[in-house]
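1. Build me a structure from this.
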Amino acid sequence: MVAARETSLLPILEGSKQYRVPLYQRPYKWGKPQLKTLWDDVVQLAGDRQADLTATHFMGSLVLAPSPGDVTSVFVHHLVVDGQQRLTTLTLLLCAIRDAYKARDPESVDARRIQDQLLTNQYRTGDDHYKLVPTQADRASYVAVVNGSAGAGGDDAVGEAYRFFSARLNGLVSDASTDNVISLAQVEEAVNSGISVVLIQTDLRDNVHRIFESLNNTGLKLSQADLIRNYLFMRMPTKGQLVYEQYWKPLQDMLPGGQLETFFWLDLLRANVRAKINDTYSGQQRQLERLKSEEEIVAETKRFYDLGSLYHLIVHPQSETDPAVRFRLQRMDAWGSATPAPLLLHFLAERAAGRATSDEVARAIHVVESYIVRRFISATRSQGLNRILAQAVAEMDSESSLPEAVHTYLSAGRKHFAGDAQIRAAVGTTAYYLNGRPGHRKLVLMWLEDSFGSNEPVDLSAASIEHVMPQTLSSAWLEELGADVGDDDVAEVHARLVHTLGNLTLSGYNTSMSNKPFDTKKVELRKTGVRLSQEIAEKDHWGPTEIGERAFSLAERIISYWPGPGEQTNTEEPNEVWLKLEAVLAEVPTGRWTTYGDLATILGTAAQPIGNRLASTKTPNAHRVLKRGGVVAEKFAWVDAADSRDPRNLLEEEGIQFDANGRAEAAQKLTLEEIADLANDEIDDH
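-> Residues are numbered from 1 along each chain as shown. The predicted structure follows:
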């Protein structure tokens, strides 16, 4: 017999019980995309529950079976037949919440409550001590997180999930630039009481393995677009066939696969900027339930068709007839993110209604492009970007022209529209080559090449990004750079400049050029016909001075080609580097370390300011930042004067190995690319 009921997380975890994941289940697999989706849902839910305590977020099912041989009713063991990924993730989130409480107050009552009531069975020992026992592959890592031991937060999926949530929770406190910050207590309340699951319990007569197999082999699941279609035609008993042929089938053909579901979500966003793609069907159903007659349902289906025809232009911009609008839509399509879609759909709808011209639509999209590109070049975190662009439609001045309205909106408040001063600074100091998605790095360089307006543009589709001063210095390059920098540290200057925009161009000769001398490279760069490379090819020498001059030239081109914000914006954004520093360090895995210099390279600053910041501001995992060569800084001190832990001893407990000279094992050092991955939070998610 199978019993099912909807419940929240709190009654699942409270009480004397245990959930065991069977051996035939796969190990924990959630990665950043799934974690970010859950985190965004939790933050939204926490906000929603401030206004309406009945607000919930459905997270799927949890299928349980009694454990064989479990005869006592005092302490019940459950086998987790389905839903272990969700349950594991939620308990890891609770671990991160517990530790966030402890970071504020080591004696936190809330931290102890979570540990004793939700994560462990306080008076049980051995495996029975833990509310959840994962598969053998995940067990050691999971137990380390629950116990709060030095090995918590390693490189595996369990450790990554814990570090991800810890970093986001740390951001709740540190990110003063985010409006409507949710409190830690509100997040915990949303997780415990707002997340809803269907709890399905089997009995001993059911074959657990068979149930698991059937749950994972039930064929194709109906999409949310399928559910909307079924609901619509259920409401059209007499006109369904005509409407299907006239509106639904053309709409379905225009927007195949997941495009149709995304469209219905975007339509919801027009009325509710908090709408989540996972709730598309339920949201559309609520709106459709307000329509009482079949004629109203027919009219709504026609509206879907009309609006869907506009969304078709966004995902298939070659269908747009106006050249200027088509050019801008193609660029947004090339960027490959759904984030600007609500705004683009609004622009096209305004044109269709006769309230905007094609020229105004093209200029408005250019403003959005400028906003996105400037944020990318200045390495601004993508956090909040979905919300900012989704809210634009409701908050823009409807009396102004589209380009003026969107420019004013993006320039006002804390929208992080990078100003000209930020662009100049970022181009000269930020490790552009390690910033964001590789595809976006190349795309911005291709668009910069377009800015020259060549009559015979070069096909750059197969080009790659070329470092003029190479990533690996040959003896000739070392000698030249040494002559340029004098008493300065050659390695430090190279690390600081090699990935900056001033040292980069596009070329089809990337592999063959490699670390050849500059005299050879400039001849080959001149042959490519790439305008970005011509300024480089005209130089007699390539070093820090030339890189700086080219950075200045590129910055001015960027400022001209992608106009910046109006005067209302706060263009300085003084906290951005420190917010990113905290986000990076919060995700440094246990058993790994980095240096002040490498952090400076990624964040576009210098090592000394980072050292000063860590010495004066409580920052997660500050002890994992060492001097070059892996030595603990002589003057390292915890911000909390009462903290007497020896940083080297703590690192050794976490698994870092030191040699006789006090140098950390080089193999355990994070590479620049790994730090950049931690710094980049651009996970495009609905």
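
2. Could you point out the longest strand of this structure?
-> strand 57-66 (DSSP state E).

3. Show me what counts as buried in it.
-> His57, Met59, Ser61, Leu62, Val63, Leu64, Ala65, Pro66 (16 or more other CB atoms under 10 Å). For every residue, glycine as well, the C-beta is placed using N, CA and C.

4. Just the closest of those residues to Val588, please.
-> Using CB to CB, Met59 is the member of the buried residues of strand 57-66 that lies nearest Val588, at 29.0 Å.

5. Measure how far stretch 420-435 is from the centre of its chain, please.
-> 20 Å (CA atoms, centre = their mean, to the nearest Å).

6. in its sheet, what does the longest strand of the chain sit against?
-> strand 76-82 (antiparallel), strand 195-201 (parallel) (DSSP bridges).

7. wait, which of those is closest to Gln668?
-> Closest among these, using CB to CB: strand 76-82, at 34.2 Å.

8. Show me what the helix or strand following the closest one is packed against.
-> Sequence-wise, the next helix or strand downstream of strand 76-82 (DSSP states H and E) is helix 84-104. Packing partners of helix 84-104 (3 or more CB pairs under 8 Å, 6 or more residues apart in numbering; DSSP states H and E): helix 9-13, helix 32-51, strand 57-66, helix 109-113, strand 132-133, helix 136-147, helix 157-174, helix 184-189.

9. what's the next secondary structure element after the first one?
-> Moving toward the C-terminus from helix 9-13, the next helix or strand (DSSP H and E) is strand 17-20.

10. pLDDT of that following strand, averaged?
-> Strand 17-20 shows a mean pLDDT of 92.

11. now do stretch 490-502
-> 91.

12. Give me the buried stretch members for that stretch, please.
-> In stretch 490-502, counting by 16+ other CB under 10 Å, buried: Val490, Glu492, Val493, His494, Ala495, Arg496, Leu497, Val498, His499, Thr500, Leu501, Gly502.

13. farthest pair in those?
-> Val490 and Leu501 (21.2 Å).

14. wait, is Thr594 part of a helix?
-> No - counting by DSSP: H, G, I helix; E, B strand; the rest coil, Thr594 is not part of a helix but strand.

15. Go ahead and confirm it touches Leu678.
-> No - taking CB atoms under 8 Å as the definition, Thr594 is not a contact partner of Leu678, at 9.2 Å.

16. Can you show me the helices along the stretch 301-450 of the chain?
-> 323-335, 341-352, 358-377, 385-395, 402-411, 420-429, 438-450 (DSSP state H, counting those that start in this stretch).

17. what's the following helix or strand after the lowest-mean-pLDDT helix or strand in the chain?
-> Lowest on mean pLDDT, DSSP states H and E among the helices and strands of the chain sits helix 208-215, with a mean of 50. Under the assignment DSSP H and E, the closest C-terminal helix or strand after helix 208-215 is helix 224-234.

18. for the helix or strand following that next one, packing partners?
-> Using DSSP H and E, the helix or strand that follows helix 224-234 in sequence is helix 240-243. With contacts taken as 3+ CB pairs under 8 Å, 6+ apart, helix 240-243 sits against helix 224-234.

19. How about the helix it packs on, which residues are buried there?
-> Using 16+ other CB under 10 Å as the test for burial, helix 224-234 gives Gln224, Ala225, Leu227, Ile228, Arg229, Leu232, Phe233.

20. can you list the strands paired with strand 57-66 in JSON lines and add mean pLDDT and distance to Val143?
-> Shown next, in JSON lines, are these (pLDDT from 0 to 100; distance: least, CB to CB, whole Å):
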{"stretch": "strand 76-82", "mean pLDDT": "86", "distance to Val143": "17"}
{"stretch": "strand 195-201", "mean pLDDT": "85", "distance to Val143": "24"}
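
21. To Asp99, which of the ones you listed lies closest?
-> When these are compared (using CB to CB), the closest one is strand 195-201, at 19.6 Å.

22. first to last residue in stretch 17-27, what's the distance?
-> 22 Å (CA to CA, to the nearest Å).

23. Next one: Glu245 from Ala275, what distance?
-> Separation of Glu245 from Ala275 (CB to CB, to the nearest Å): 30 Å.

24. Neighbour count: those two, which is higher?
-> Applying other CB atoms under 10 Å to Glu245 and Ala275 shows that Ala275 carries more neighbours, namely 22 against 10.

25. Look up how far Leu266 lies from the more buried one.
-> Taking CB to CB, one finds Ala275 at 9 Å from Leu266.

26. count of neighbours near the nearest residue to Lys415 once chain neighbours are set aside?
-> Nearest non-adjacent residue to Lys415, counting by CB to CB, 6 or more residues apart in numbering: Ile388, 5.5 Å away. When neighbours are defined as other CB under 10 Å, Ile388 has 23 of them.

27. these two touch, right, Ile388 and Gly413?
-> No - using CB under 8 Å, Ile388 and Gly413 do not qualify as a contacting pair, with a distance of 9.2 Å.

28. Ramachandran coordinates for the residue of the chain positioned farthest from its centre?
-> Farthest-out residue of the chain from its mean C-alpha position, per CA atoms, centre = their mean: Thr238, at 46.7 Å. The phi/psi pair for Thr238 (degrees, to the nearest 10) reads phi -110, psi -20.
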